Each structure stands twice: as structure tokens, then as C-alpha cells.
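[1] kindly generate the corresponding structure for this input.
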Amino acid sequence: MECTIINYISIFLSGCLLFGVFKLFVKLWWTPMRIQRFMRSQGIQGPSFKFIQGNTRDVYIKRMQAMATPMDLSHNILHRVMPCVHSWLNLYGRNYLQWSGVDAQLMITDPEMIKEVLHDRQKSFPKAKLKGHIHRIFGNGLATAEGQRWANSRRIANFAFHGDSLKNMIPTMIECGEKMIEGWKNYEGKELDAFKEFKVFTLDVISHTAFGSSYQQGKKIFHMLRELCELSIRNGYKIRLPIISKILKSKDDYEGERLGKRLKDCFMEIIKEREEKLRNGEANDYGNDFLGLLIKAKNDPETSQCISMEDIVDECKTFYFAGHETTNVLLAWTMLLLALHKEWQEKARNEVLDVFGHNNPTLEGLPKLKTVRIMTYR
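    Below you'll find the predicted structure:
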């Protein structure tokens with residue numbers, strides 16, 4: 001009797017093992033090959049799928065090769081920043097299929113097709129689900145959310161950053177800018193790292209205007225977000241096997257979890273501090289900045305408009321990181337272009353002096369800066 005039971009258990013375990021191996025085979029080989037054959041039958045070519053790794057190693061090698069050579073100061077940067085796209089566009093055409101591990105990625109560069117995807121009124125093209133360390137940065141914030149969750153986030157963001165709100169932010173922006181320029185006086189006749197300076201400036205602005213916190217608080221938050229970003233870059237080309245990667249975690253995985261928890265605790269501390277002030281009568285409301293509006297939505301009695309604490313944390317991370325990074329890079333790139341094209345630098349400087357003189361910028365005067373607008377559009 002005992003032998004019979006043991007035999008049944010052995011057969012059952014063997015069956016489970018075979019089923020697991022079959023599922024892995026389907027996911028890691030059969031499905032990718034089936035997708036590749038189907039796409040090629042539709043005329044969509046691309047680099048061939050390689051077992052488990054897809055084209056990840058090819059992308060990594062091409063990027064390392066591109067980064068190893070110096071770059072001329074030029075707007076022709078595709079071969080440098082996205083060498084694999086540059087190479088495969090020439091080989092396979094404007095639309096092609098590539099592989100991130102076992103995940104198929106249809107790369108499109110045809111303007112009409114891009115327009116169709118962006119005008120996705122039928123919701124045929126859902127947003128990509130972020131994984132790993134990059135998910136810890138954005139969570140389910142505005143950049144990745146969909147449906148009612150996205151609608152609530154968009155409504156709050158629109159209200160927080162409409163014209164009147166931006167007008168009220170100008171004094172704070174000017175104050176942060178004056179502090180930065182005052183520090184530049186110590187570098188007269190010396191070399192200055194403009195990118196680093198703008199990093200501090202934009203962090204200071206977004207900390208004060210969107211979250212009402214100080215630069216020191218913002219610095220601590222942004223430092224953790226930068227560490228998560230570095231973890232994401234470092235692990236971006238590593239293949240993660242299903243199930244196994246969740247059991248056998250790397251040192252970076254544990255570090256990412258630790259940073260994610262610290263970030264959440266940091267934001268929750270700021271949020272609870274605002275709620276506590278209202279309860280104690282130290283404030284009349286949660287504040288009119290972006291964070292205040294998020295907290296108000298969290299405590300909204302209307303269930304459909306209500307958001308959770310997790311939602312607030314994700315929105316804060318998204319705006320802190322994405323808002324800061326994009327503005328910082330744009331300012332540094334603009335400075336580089338003005339340095340390369342001194343005739344435009346002269347035009348922009350003269351126009352600003354004509355409109356504002358030696359006074360601070362105003363919201364009413366900004367639309368009069370025609371040369372600056374042309375530079376921005378170009």
C-alpha cells in the first residue's frame with residue numbers, strides 16, 4: 001500500500017515537473033518563434049530571436065561600442081544614443097521587430113503609424129508594464145496608469161499646473177534662480193559645470209513649487225531615485241528568467257527593495273505631516289500645490305475621485321524624477337546650443353533685455369520673447 005502511494009506521488013511530481021518544463025519551453029522558445037514567423041509573413045523583418053536573451057546582448061554590445069568612441073558636436077546623434085536602432089533601421093526598414101529577452105517589440109518610425117498609436121482612441125495599444133527597478137521609480141503614476149486611475153491623476157495634474165497656478169510659482173522659481181546665479185559669481189573666470197548646477201536648480205524649484213518641501217528634503221528623495229535609476233541602468237541588459245529570478249534575488253534586487261521602502265516612508269512622512277497640521281488647526285487646508293491636491297483627493301468623500309496612499313507616493317516619485325530630469329537636461333542642452341551658436345545667444349540676450357531690462361521675468365512678458373520661442377520650437 002505504501003509503495004503504491006509513493007508511486008502515485010512520484011508520478012504526480014514527475015507530471016508537475018514535465019508540465020513546468022513544457023510551460024518554460026513554450027514561453028522561452030515556441031511562442032517567440034511563432035511570433036517571429038507570423039511577423040515575417042506580414043513583411044516585418046528584424047534581427048533573429050536568440051534563445052532566452054532575444055537581442056539584448058546585441059543591443060548591449062552595440063551601445064558599448066558606440067560609447068567607446070568620442071562624438072562630434074552635432075545634432076546627428078541617433079547612431080550614438082540608439083546605435084542598434086540606427087543599424088537595424090538601415091537593415092530592416094522603418095518598421096521592424098526586435099526582442100527584449102522573450103518579449104517581442106515592434107519598433108515603428110513611420111510618422112503615420114506613430115500618429116495612429118498616439119491617437120489610440122480604441123485603446124488598442126496599452127501602455128507597457130514596467131518591471132524591476134524602473135517600476136520602483138514610476139510605480140503606477142501618471143506615466144504608466146490607465147483608465148480611471150489615469151483620469152484622476154490627469155485631472156489633478158491639470159489643476160495643479162494650469163496658468164494661475166504657474167503664475168503663483170514664478171516668485172519661487174525666480175528666488176531659486178537668483179540663488180543659483182549668486183553662487184556663479186564665485187566661478188568668475190573659472191570653468192563651471194552647468195549640468196550639475198541646473199540639477200540643483202530644478203530640484204530646488206520642483207521641491208518648493210510642487211511639494212512645498214525644502215531642497216534638503218528633495219535632495220534626499222532625489223538621491224534615492226538616482227540610485228534606483230543607476231540600478232535600472234546596470235541591470236537593463238540582464239536577462240531575468242521567469243520564477244527563478246523571483247526566488248534567487250541578486251544584491252541589486254535587495255538594494256532596490258530597500259530603496260523603494262525608504263522612498264515610500266519618506267513621502268508618507270511628508271504626507272502625514274500635512275494631514276496632521278490640518279487636524280491640529282495649524283493649516284486651513286492641505287495646500288494648493290501638487291502634493292496638497294493629491295492629499296485632498298486621497299481624503300475625497302466621493303469614492304470615484306478618491307486615490308490611495310500608494311497612488312500619491314507613485315505620483316510624487318513620477319513628478320520628482322521625470323519632471324526634474326527632463327527640465328534639467330533641456331536647460332543644459334539649450335545652454336550647449338547657445339554656446340555653439342553665439343549669434344542666437346546674442347539675439348536671445350538682447351531680446352530678454354529689451355522685454356525685461358534688468359528686472360526679473362514676468363508671466364505677462366514671457367509671450368513677447370519671440371526669438372526664445374523660435375529657439376524652443378527648433
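[2] what's the following helix or strand after the helix or strand harbouring R80?
    R80 belongs to helix 78-81 when assigned by DSSP states H and E. Counting by DSSP H and E, the next helix or strand C-terminal to helix 78-81 is helix 83-92.
[3] just the residues contacting that following helix, thanks.
    Here helix 83-92 makes contact (Cβ atoms under 8 Å, 6 or more residues apart in numbering) with 45-47, 55, 58-59, 62-63, 65-66, 78-79, 96, 98, 107, 109. Just so you know, the C-beta spots here come from the backbone N, C-alpha and C atoms, and that holds for glycine as well.
[4] can you say which helix or strand has A104 in it?
    Using DSSP H and E, A104 falls in strand 103-108.
[5] show me what that strand is packed up against.
    On a contact count with 3 or more Cβ pairs under 8 Å, 6 or more residues apart in numbering; DSSP states H and E, strand 103-108 meets helix 31-41, strand 95-100.
[6] the shortest one relative to helix 31-41, how many degrees between them?
    If I follow you right, that is strand 95-100. Strand 95-100 runs at 170 degrees relative to helix 31-41, counting by axes from the mean of the first three to the mean of the last three Cα atoms, to 10 degrees.
[7] mean confidence (pLDDT) on strand 95-100, please.
    On average, the pLDDT along strand 95-100 is 92.
[8] now do stretch 275-288
    82.
[9] and stretch 313-320, C-alpha only, in PDB?
    The C-alpha trace of stretch 313-320 is given here as PDB (Å, rounded to 0.1, in the frame of the first residue of the first chain):
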ATOM      1  CA  VAL A 313       3.600  58.000  -3.500                       C
ATOM      2  CA  ASP A 314       3.700  56.900  -7.100                       C
ATOM      3  CA  GLU A 315       2.600  60.300  -8.400                       C
ATOM      4  CA  CYS A 316       5.200  62.000  -6.200                       C
ATOM      5  CA  LYS A 317       8.000  59.800  -7.500                       C
ATOM      6  CA  THR A 318       6.900  60.300 -11.100                       C
ATOM      7  CA  PHE A 319       6.900  64.100 -10.900                       C
ATOM      8  CA  TYR A 320      10.000  64.300  -8.800                       C
END
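[10] flag the shaky bits of the stretch 101-250 of the chain, pLDDT-wise.
    Applying pLDDT under 70 to the stretch 101-250 of the chain flags the ranges 214-215, 241-246.
[11] all helices of it, in order?
    For the stretch 101-250 of the chain, helices defined by DSSP state H, counting those that start in this stretch occupy the ranges 111-118, 132-138, 147-160, 163-184, 194-211, 215-235, 244-247.
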